[in-house]
Every structure is written in structure tokens, then in C-alpha cells.
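1. Below are the sequence and a predicted model; questions follow.
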Amino acid sequence: MESGTLSRWRMRAVAAVMVVLALVLVGRLIMLQIVEHQRHEAAADRVWQIETKGPRGSILDRNGFPLVTSVDTWEVHVDTRIWGRNEFQPTSASARLAYLLRADEAQVLSLAASADGNDALIAYVQYYAGAAIHAERLYGVTVRKTSSRRYVEGEMAAPVIGIVGRDEQGLAGLEYALDGTLGGESGQLIFERDGLGQPIPFGARLELPYEQGADIVLTIDRNLQRIAEQALDEAVQRWSATGGVIIIMDPRNGDILAAATSPAYNPELLDLADDAFDISVLRSRAASDVYEPGSVFKVITMAAGLDSKIVNPYTTFTDTGAVVVGERTIRNFDYSWHGEQTMTQVLQRSLNTGTVWLVQQMGSRLFYGYVDQFGFGELTNSGLPGESEGLVTQVGDLAWSPIQLATNSFGQGIAVTPMQIVRAYSAIANGGELVRPRFVRAVISEGDVREIDTVIERRVISEETAATLTYMMQAVVDGVLDHPAQAPGWPVAGKSGTTDVLLNGEYSSETSLASFAGFAPVDDPRIVVLVRIDHPRGETFGGIVAAPVFSQIVSRSLPYLAVPPTTYIAQPEAWLTGPGEPQGVPSASPDDAEAEETEQSAAESETQSEQRVNEVEQ
Amino acid sequence: MSTIGHVPERAVGRTAERTLHVVGRRLPNVSGLRSASGSPDWLLIGAVLALTFVGLVFMYSSSFAISLELHGETGFFAKRQLIGAALGGVAFVAFSLIDYRVWRRLSPLIILGALILLVAVLLPGIGFEQNGARRWIQVSSLPALQPSEFAKLALVIYIAAWLASKGDDIKRIPLGLLPFVMIIGFIGFLLMAEPDLGTFVTIAAMGVVMFFLAGASIRHMLVLAGGGISVLLGIVFVIGYGLERVRAFLSAEDMPQEGGYQILNLVNTLGSGGLTGVGIGASRQKFFYVPSAHTDGVFAIIGEETGILGAIIVLSLFALLVWRGIRAAMHSSDRFGMLLAFGIVSWIGLQAFFNIAGITRTIVLTGIPLPFISFGSSALIATLAAAGVLVSISRHARANEPLPAPPDAEAATRDYAPAVPPESPFDSPPQARK
């Protein structure tokens, strides 16, 4: 069967085919490696760029106690391209990842599938959980260090501090307003990554460093904030109110020591994705929500009258119980009439007829001039986002009328923010200078402390006017027997307000915004406090609803601020001496007032005490 | 052989030749045949050793990333390949020394053994499945065995023996084409049951080359080509096996997320090597961009790290092996040796072609490993054994080839070996080097 050797031509043919095949490969190699080299090199793109961010700055209270800080956490990412390729997934990375995340594998897969592009953000995890995932080096899974906010004091000052989003971008409150300072500058990390998304060992790497965010020292004092929040919560609960505001400000430098608003929220539990979530709670109500201040504003009217020397505390007018302005008759809140009354009594008894008489004496130009000077209708620049200017109609505006002037004098028909009231009252408390309220005391950037200076906007009233007015405001509280705003141990000055609110298109007598603004101690005011309780049930008057809260705050705050109490006890009789010399003004010690007490005032005091319910006015 | 290069090569070979001869004498005298031959082809041996060495270097380079990822050490795959190379080296030396004609007699036993292994791999409990294919036999804790690699060696011996025994009968359908198709078809059936299309394609191509060389009628060759193409198309489009790869080959850019990713990465990896490459060990794409960087994709890493220079050198080593193999075949004195040498050459050469052509996107990517270089101990051992057979054939061919006139008479008496009578290679063992 053997037939010797094989056919030569067939062997040569096979050899020739081999040569051709080899040449084809050489040709392809030249094509790919020489001709198209650049293109393939560019296409083999392994360079990856990620944004790096330093930890967001902390927010500290005025004494350096942290309110909000950032802690290291991890973002878990999945490269969907790698998960799409099976050969690099010998063990099921998705199942393992789901186990580590205590989640359902289907859930993890659907998150990965729903991602835009190749990079799917699967979860945020705590430090140790992330480190565990990192250690497993699952296919296509990368963990990136990030940080998240921790609210050391829980809900405290949440509406002021605000919130951040998942990416630590400020969304509300000071977090939003100071986002650039807190967040710093992001850097970049550019590296060669392998097919699984990890950096290639010894691969090219370029890091553009980030700039770390600065820490912010607030003017808020966590203890005073706690006092304010507790007092507000108690009052809101007691009166079944819908909400409220308490602001404590240092009149000397504008520091907001506390700013409590209700309703508030817990930033740890906030779920922005929840449809039922009412986004309005995120507003910085203290600066953004306007209201009609009511009788609290009478102090401003009185300041204008005193500073322009139209009246003094003993100037009298005759209260007939009603003033007709245009087509409208303005009455006192309780439809009472008192005959001849001093300006001090106008404040004490909160006589609408008195302030209307006063603005009519002053004229609109003078009155609105002072309203502007006190900063109404103008931003306070407190630093809270979304601040409102309020609304003050001026002579010449379409909405203005003589009725407007008359109602403005007792705080109706004018819209202000709580922050504006506090600022105006601070001007009275500090001797006449309008100081800018501020929330930030200092910025600490890499150990470098930059203090924020107090800004004095302007002088509004003379020191003398301020002193006189303070005395009159003290008469409102301390000059009335058992006024609920009194804080035994400290002389206080203040004024209540009751804002009628529209209910179904009509001013309702059932509900109101009950407020009280004042400061203490009178001789060297350390705190200006505004308390506003919204829609209390059962009672509407600021003097009954808000004044006790004011008293509570003063009594708790001043000891904390190391202002020692004295044996001071309010002496209502001292303010009932009628026309004569002002009794010692702020520096006037209660003892002096007592010394000048007359028989007449003693007699009158009995009548006063019978009327005290009325005097504790709206 | 030309005069140039002949003398030094011959001189170099002498010592080793004597050694081989001595060793050869000590081997069992299988069926009365003792190694009786001329000196081996040192260029062939050089090509084999160089390819094995290159393979080990790039095994470490291409596999360390995945080794580290999967096994926590960089040398996991390289170590196993080194063990494979050591065993393969033993096989290479042994098969070089054993007279290849032994295999002709043993061919029925060899093919039987291969078929047993190919069937065994399909049995649960013996063969185990990985990545959707049953290709490995694992018995207790012994190293896993890939029968299809040894089947290639068995089949090339069997087909060579079978074709050698045919004369002009090969041109007759019942005696030539039909049995050939049945042999290839049956082996193909077993391989596709794993499935292992790559090995099947290699075996089929190798078989067709041998069938053609054995003198098959051109008409039958055309029928075979038509039939082969139909079977391939059937496998791809009717069974659907490999359809994704065909689509990826044709339009990888349109499907970068699916199969296109593989081929694009392979081409980009190779292409980014440029003229001289990024340096040995410095490949970036081996970090999980190139699919199977240490197995089927290793040539892309070679191209990336050493550029076209290194790629052409590797290509040249294969070419050298093929050239020397064909040369040995053409100088072989018997049909079996010729067919066997051509079979082995076309196996290694075509397998390398299919691999590199797939990576360069010249043909569809088939998942065929690169001989000598891709990871796989079974493959390396079988390939080195086959190369050993080739060397054995070359030794006998050397004994046959007419040498040019010796420089002097003394040299002639010393070096000149008379040709073995071509008509009786088996009946009377060659006595030339006695």
C-alpha cells in the first residue's frame, strides 16, 4: 500500500499557503501597530477622572461646641460595563455586594441597571461597612470615600443651620448660604484605571488637591438655643399653636444667640424624596416670613415721636375710645376709653387711639422716615438665605391712604420679618444704633481664625431718646402689677403685640399671632428677645400667650450669661406719677423710683391693679 | 541543505548528537526499532525552545494582574505554566529520541485512548464544567487535564498512519473521503459536545491539509471545503454557537457593551504597542481590559509590550518552526513521516494563525490558544511532545538527505551517512550510525 513519498506540488502548495498566511498576519500587524497606532492608543483610554472633595467644614456654636460635622463615609459604586461582562465575575459580585449591604440582590442589580452611563451609585455606607466592602475587592465594585453630615445636637437649630443633599451640597439654611465656605474647592484625581475600575499599580496618576472647607463658628449659643427651643415647644404645645418664633439677639454686636422656629424638623430623618414632605419647613422663617407686628410696632411709633421731640413720656392726649380716619373708625383693642393719658400710658395700655393721635401729630413724612431708619422694608443681611424685605407702604404708593398711616402706627398694614423687629428693638436697647444681626462669629480655615466684625448700619435715634423709650418700655412691663413678662431679679422692657389674622377672609377674634418683644436687663441690655406664638387656641393676646415665654427666656438666659440677678422687684407705682420729670430713665434704679413715689400714684395704683387684665393688652 | 551554515551547524551538533545517540540506545527497543538517525535539526529545536521561553516570559507578564486578583499572588499562572514547561520539556526530549515510526504501529491504541478521554470529559464526575464548557478532566486532586489537547496529537498520528497506508485508494470516496469525514466528524462531534469549537477548527484544518497532501482528489477537496463551510455556518447560524462572535467581528463598534468589547480591546491593545511597545511587563491593558490576557489574548499583550518588533519576532519563530518542519517532512523518507510532520506543522502553524488572526481582527475570534505561549499545561505538554515528534522526524530526514561533498575524504568517512534504503524503513532498521 505504501506509495513512497508525497506529491511535491502538493507539499509546495501547502508551504505556499503557510507563507501567504504569515504574510497576511504581517500585513495586519503593520496596519494595526504602525498605520493605525495612534488611533488604537487613543481608543485604549484608561484615564479616569474623579472629583475629590475634602470633608465639609463643621458648624460650631459660639463657644466651639460642634453642632454639625462631617464624618467619613463611603459611596459604593458599580461599573456597569464590568458587571455586563461575565468573564471577570467568576463569583457573583452582585450577590456578595447585596449581602454586605444587607439588601436584596435584585435591588442592587436594578440600581446598577438604572444608572446613567457606566457608573452606578449603589449606596452610601458607614465607615466600617465601606471598609469591609473595599476589602473584598468585588468585581466592578469600587468604594469611594466621601463624608456625610452628623448632627451632633440633633434637631437643634435645624431651621437655621439647614440641610445638605446627598452630595453634601447645601440646600437650605446656613448650609446653603455658606456653601462655598463650608464646602471648599473640589480637587481632581486623574489616574489610569484597570478594566475593573481600580487604579493600575504604578500607573500614571495626577492629583489636583482639593481645598478643604472652613469651619464656621456661629453666634448661636447652644445653651440659649436649647432654652429658646424648649420654651417655644412648651408654648406651642400649651396653646396648641401652629408654630412660632423665638429670637435672642445681643443688641451690642448683633449676635443672634438663639433662633428657634417651629415647626422644625430633624435633619437626620429628613427624606426629601418623600412626597408627603412639606418643603416649607426648610425655610429660614426668622428672616423670610413676614407678618404684621401689631402693637409691638407702637414702640417704633413712639420712638419717632420722642426722637423728633413731638412728644415726651408725659405728653397727654385725650382718649375717647375712637378715632375717625377717613371712612374708618379706629378703636382700642378692647373698645375701652380712658380720658387723658400720657404717652407712657399709651404704651402701657396699648392704646391704638394714642398712636394714631401721635402719627397725626408727626405727619407721614416724619413717621415713615423713622420707619425706614429702623430698617423696615430693608433686608437685615443677617446671612440667612431667602430673607424678605417686608412691606412698608409709603406716601405716594397706590395702596397708601391716611388710614394706612393711622393703622401703621399700631403695626397693622405693614409687613415685617421677626429679624427686623429684633434689629429695631436692639437699636433701642443699645442706645440708638441699628446693628446688623449676624449668625457667623468667625470662620476657621486651616487653623486660621477670621473673626467677623460687627456692622453698625447707622444711628437711628439719639441715645437720649433710646434711654427715654427704654424707660417707657420698662413701664409697660415693670410698671404693671404682675405683668407676665416680668422676670424677677431683672428689670425688663418690652411690648406685646397681637396680630389679628385673616380667617376665611375676615379678621378673626378666635386666633392671632401673639408676640412679645423686649430686652433685659434694662440698665445694660444683654439680650433682645422676640417671642411669637402663631395661632394659639383659647387666648389670643400676646401679653398672655407670649409674655410669659419672654419672662421664662429672660429668667433662664441672664443667669447663663452671668448677669447676676438683683433684689429688683417691679414697682408698678413708680410709673404712675403722671406728668413730671422722667424718673431716672434706664439707669434709674428701682429704689429711686420708689423714693419718688407719691400718694397720688399710690391711690391710682389700686385702680390700675383692677384693670390689669386690660393692661396686659393685646 | 546549503553549504553555508552547514559545517558549523553540523559541528555544533556533534556532541549533542552523540549524547542523543547514546541515550537513544538505552531507550527500550520498542518493536525492534532503535533510534537510528542523523543529527536533529537544531534550528527547529531552537525555535521550539525560543517559543517556550517567550511563552514563559509573557505568561508571567500577562497573568500577574489576574493572578493577583484571583489568587492573591502574581505568579499563580506562571508557576503552573513553568511546571507544564518542565513536563513538556521531558516529553519533548523523549519524543525527540523515540523513533517516530513507533507511533504508526501504536496509532490505533493512541486514538482509542484519546477517544476514551474525550468521552470521559463529557461524563459528570470526571469532567468538570467551567465557563459553560466541559473541557477538563479532574480526578481526585491530580492536576486537571485537557483531553482535547492530547487528542490533537493522537489524531495527527492516527490520520498520518491511516493516510500513509492508503495509496491511490485515497481518491475513492468509500476508501478516502468517506472514512476521513467520519473520523473528523466523530472527533468533531465529541469536541462540540464540550463544546470546543477552537480545537475542532484546528483539527479539521490540520486533517484537511493532510488529506490533501495524501493525494486526495481535487474534486473531493472542493466537496470537503463546501461541506466544511456548511458545517461551520450550520454551527454558527443554526445552533447559534459563536454567533455573537461573528457579529462582534463584523460590527464591534456598534456593540461596544456586548461582545464587541473584547475584540475592540484586543485590537486597541495590539495597536497601542506601536513600533517597539511599552516595554516588557509594562502592559496596561492586561489589567482586565484584554479578555483572557494570559490565555487566548496573550499575543495582544506581546504586541503591546514589545510592539511590532516583538510581534514579528514571535511570528518569525512560528515561521521558522513551520519552515524547518516542512523541510523535515520534505526530506523524510516515508509517507507516514511526511504526513506526520506536515500534520504537526499545520496544527501548530494554523493554530497560531487562527489565534493571531483572531486577535488582529483578520478572522472571527475563535477562542483558540496560541501554541507554546497561551496558558495551559495540557496544551504546552501536548505541543512540546508534538514538536519532539517533529524533531525525531527531522533526525531521520537528516539521515536521508544527500549532503554536499565533504571538504575532504576524511570528513566524508566520518560524517557521511549513507541513505537508508527508502523501500524498507521498517523491515530493516537503519544501520547508518551504528
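-> Thanks, I have it.

2. Now stretch A:438-453 - C-alpha only, PDB.
-> C-alpha atoms of stretch A:438-453 as PDB (Å, rounded to 0.1, in the frame of the first residue of the first chain):
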ATOM      1  CA  ARG A 438     -25.300  88.100  62.300                       C
ATOM      2  CA  PHE A 439     -25.200  84.400  62.600                       C
ATOM      3  CA  VAL A 440     -21.500  83.900  61.900                       C
ATOM      4  CA  ARG A 441     -19.000  84.900  64.500                       C
ATOM      5  CA  ALA A 442     -15.800  83.500  62.900                       C
ATOM      6  CA  VAL A 443     -14.600  81.400  60.100                       C
ATOM      7  CA  ILE A 444     -11.800  78.900  60.900                       C
ATOM      8  CA  SER A 445      -9.900  77.900  57.800                       C
ATOM      9  CA  GLU A 446      -7.000  75.500  58.300                       C
ATOM     10  CA  GLY A 447      -6.400  76.800  61.800                       C
ATOM     11  CA  ASP A 448      -6.600  80.400  60.700                       C
ATOM     12  CA  VAL A 449      -9.400  82.200  62.600                       C
ATOM     13  CA  ARG A 450     -11.100  85.000  60.800                       C
ATOM     14  CA  GLU A 451     -13.400  87.000  63.000                       C
ATOM     15  CA  ILE A 452     -16.500  88.600  61.500                       C
ATOM     16  CA  ASP A 453     -16.800  92.200  62.500                       C
END
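
3. Okay, now the unreliable bits of the stretch 151-300 of chain B?
-> Across the stretch 151-300 of chain B, the ranges flagged by pLDDT under 70 are B:256-259.

4. At which residues are the helices of it located?
-> Here the stretch 151-300 of chain B has its helices, by DSSP state H, counting those that start in this stretch, at B:178-193, B:197-213, B:218-233, B:243-251, B:260-271, B:298-331.

5. Just want the residue of chain B that's nearest chain A.
-> Closest to chain A within chain B is residue B:271: 2.5 Å, counting by CB to the nearest CB. C-beta: built from backbone N, CA, C; applies to glycine.

6. is it true that that residue touches residue A:32?
-> Yes - using CB atoms under 8 Å, residue B:271 is in contact with residue A:32, at 4.4 Å.

7. so what's in contact with those two at the same time?
-> A:40, B:303 (CB atoms under 8 Å, 6 or more residues apart in numbering or on different chains).

8. For chain B, what's its nearest residue on chain A.
-> Closest point on chain A to chain B, by CB to the nearest CB, is residue A:40, at 2.5 Å.

9. is it fair to say residue A:51 lies in a strand?
-> Yes - Residue A:51 sits within a strand when classified using DSSP: H, G, I helix; E, B strand; the rest coil.

10. burial of the closest residue to it other than its chain neighbours, as a residue count?
-> Using CB to CB, 6 or more residues apart in numbering or on different chains and skipping residues adjacent in sequence, the residue nearest residue A:51 is residue A:186, 5.0 Å away. Using other CB atoms under 10 Å in any protein chain shown, residue A:186 is surrounded by 12 other residues.

11. Just list the residues touching residue A:186, thanks.
-> Counting by CB under 8 Å, 6+ apart, the residues that residue A:186 touches are A:51, A:52, A:53, A:210.

12. count of residues packed around residue 153?
-> Since you didn't name a chain, this refers to chain A. By other CB under 10 Å, neighbour count at residue A:153 equals 16.

13. try again with chain B
-> For residue B:153, using other CB under 10 Å, the count is 23.

14. just residue B:216 next, same as before
-> For residue B:216, the neighbour count with other CB under 10 Å is 22.

15. That one and residue A:107, how far apart?
-> Between residue B:216 and residue A:107 the computed distance is 62 Å (CB to CB, to the nearest Å).

16. circling back: pipe the helices of the stretch 151-300 of chain B into JSON lines and attach mean neighbour count per row.
-> Converted to JSON lines, the helices of the stretch 151-300 of chain B look like this (neighbours: other CB atoms under 10 Å in any protein chain shown):
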{"stretch": "helix B:178-193", "mean neighbour count": "17"}
{"stretch": "helix B:197-213", "mean neighbour count": "23"}
{"stretch": "helix B:218-233", "mean neighbour count": "14"}
{"stretch": "helix B:243-251", "mean neighbour count": "16"}
{"stretch": "helix B:260-271", "mean neighbour count": "24"}
{"stretch": "helix B:298-331", "mean neighbour count": "24"}
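
17. Kindly format the C-alpha coordinates of stretch B:225-236 as PDB.
-> Extracted C-alpha coordinates of stretch B:225-236, given in PDB (Å, rounded to 0.1, in the frame of the first residue of the first chain):
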ATOM      1  CA  ALA B 225     -14.400  22.700   1.600                       C
ATOM      2  CA  GLY B 226     -18.000  23.200   0.700                       C
ATOM      3  CA  GLY B 227     -19.100  20.700   3.400                       C
ATOM      4  CA  GLY B 228     -16.800  22.200   6.000                       C
ATOM      5  CA  ILE B 229     -18.100  25.700   5.300                       C
ATOM      6  CA  SER B 230     -21.700  24.400   5.500                       C
ATOM      7  CA  VAL B 231     -21.000  22.700   8.800                       C
ATOM      8  CA  LEU B 232     -19.400  25.900  10.200                       C
ATOM      9  CA  LEU B 233     -22.300  28.000   9.000                       C
ATOM     10  CA  GLY B 234     -24.700  25.500  10.500                       C
ATOM     11  CA  ILE B 235     -23.000  25.500  13.800                       C
ATOM     12  CA  VAL B 236     -22.900  29.300  13.900                       C
END
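
18. List the residues that contact the residue lying closest to residue A:311 once chain neighbours are set aside.
-> Using CB to CB, 6+ apart and skipping the chain neighbours, the partner closest in space to residue A:311 is residue A:305 (4.5 Å). Going by CB under 8 Å, 6+ apart, residue A:305 touches A:311, A:343, A:358, A:361, A:362.

19. I'd like those residues as TSV, with pLDDT appended.
-> Shown next, in TSV, are these (pLDDT from 0 to 100):
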residue	pLDDT
A:311	89
A:343	87
A:358	91
A:361	88
A:362	89
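
20. and those residues, which are buried?
-> A:311, A:343, A:358, A:362 (16 or more other CB atoms under 10 Å in any protein chain shown).

21. Tell me, how many residues neighbour residue A:107?
-> 13.

22. Pull out the buried residues from whichever helix or strand it is part of.
-> Taking DSSP states H and E as the definition, residue A:107 sits inside helix A:105-113. Using 16+ other CB under 10 Å as the test for burial, helix A:105-113 gives A:108, A:109, A:111, A:112.

23. Farthest-apart pair in the residues you listed, please.
-> A:109 and A:111 (7.3 Å; CB to CB).

24. hang on, the earlier thing: mind checking which of the helices of the stretch 151-300 of chain B is nearest residue B:277?
-> Nearest of those (CB to CB): helix B:298-331, 3.4 Å.

25. how about stretch A:202-222 against chain B, any contact?
-> Yes - counting by CB under 8 Å from any CB of the partner chain, chain B has neighbours in stretch A:202-222: residue A:203.

26. Quick check: mean pLDDT of that stretch?
-> Regarding stretch A:202-222, the rounded mean pLDDT is 87.

27. now do stretch B:114-129
-> Per-residue scores along stretch B:114-129 average to 86.

28. Quote the end-to-end distance of that stretch.
-> For stretch B:114-129, the first-to-last residue distance is 19 Å (CA to CA, to the nearest Å).

29. Can you pull out the low-pLDDT segments for the stretch 501-618 of chain A?
-> A:503-509, A:572-618.

30. ranges for the helices of it?
-> Going by DSSP H, counting those that start in this stretch, the stretch 501-618 of chain A shows helices at A:542-545, A:547-560, A:590-595, A:599-610, A:612-615.

31. Contacts for the longest one next, please.
-> Defining contact as CB under 8 Å, 6+ apart, one finds that helix A:547-560 is touched by A:223-224, A:227-228, A:231-232, A:234-235, A:246, A:248, A:257, A:477, A:483-490, A:492, A:494, A:496, A:516-518, A:520-521, A:526-527, A:529, A:531, A:533, A:565, A:616.
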